[in-house]
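Q: sequence? don't have it. structure:
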């Protein structure tokens, strides 16, 4: 009990702690009449979309091409993946996961169908590793995107973006490397 001159304000309740009444649980819903429910009885089913914790890139990537395409589509969220967006999504995937051989194979199968991605020959990446390069000319952004794969395993080693047209406004010249990502395994 509290009073103005008191130093404590502890409530006093003769039924503390509260006790649960014996018997089965009782619910009310749209029907105003309470009814009992057995334990384990499903009242309703509702499916929710994935939360961020079980959606890409946190979710484990699939190893079949169709499901991997859907996974990468969900990473991008801007619509169907063109080749440039596919390369971005693969980069995000690799920023979050170290892929196994099955996942690497699925990535390579997806990239094999990417429009405009063409072989450019053997290269040594910026970390000194041998690789097989594939390039895509992103004419909308005046950038050449180079994907480097391990020639033995098919694992993605790196992605490089190079300017293909001088742009004085941004102070870049054709041939300038705008970005490079490398993944080490």
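A: Perfect, I can see it now. Nothing here was measured: the structure is a model prediction, and the numbers come from that model.

Q: hey, where'd the strands end up in this protein?
A: 26-27, 35-36, 118-124, 130-138, 143-149, 156-163, 177-182 (DSSP state E).

Q: give me the helices and strands touching the last one, please.
A: It stands for strand 177-182. helix 83-96, strand 156-163 (3 or more Cβ pairs under 8 Å, 6 or more residues apart in numbering; DSSP states H and E). Backbone N, C-alpha and C define where each C-beta goes, glycine included.

Q: sorry, back to before: put together TSV for the strands of the chain, with mean pLDDT on each row.
A: Converted to TSV, those look like this (pLDDT from 0 to 100):
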stretch	mean pLDDT
strand 26-27	60
strand 35-36	68
strand 118-124	97
strand 130-138	97
strand 143-149	97
strand 156-163	96
strand 177-182	92
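
Q: residue 78: what's it in contact with?
A: residue 85 (Cβ atoms under 8 Å, 6 or more residues apart in numbering).

Q: just the pLDDT for it.
A: For residue 78, the model assigns a pLDDT of 76.

Q: how close does it get to residue 159?
A: 18 Å (Cβ to Cβ, to the nearest Å).

Q: where does pLDDT dip in this protein?
A: Along the chain, the parts satisfying pLDDT under 70 run over 1-32, 34-55, 76.

Q: nearest spatial neighbour of the spatially most central residue of it, skipping sequence neighbours?
A: Nearest residue to the geometric centre of the chain (Cα atoms, centre = their mean): residue 57, 1.9 Å. Distances taken as Cβ to Cβ, 6 or more residues apart in numbering place residue 96 nearest to residue 57, at 4.0 Å, with adjacent residues excluded.

Q: most packed of the helices and strands packed on strand 177-182?
A: strand 156-163 (a mean of 21; mean count of other Cβ atoms under 10 Å).

Q: so how far is that one from its chain's centroid?
A: Distance of strand 156-163 from the chain centroid (Cα atoms, centre = their mean, to the nearest Å) equals 20 Å.

Q: need the contact partners of that strand.
A: Among residues not part of strand 156-163, those counted as contacts by Cβ under 8 Å, 6+ apart are 87, 90-91, 94, 104, 107, 125-127, 129, 131, 142-150, 172-183.
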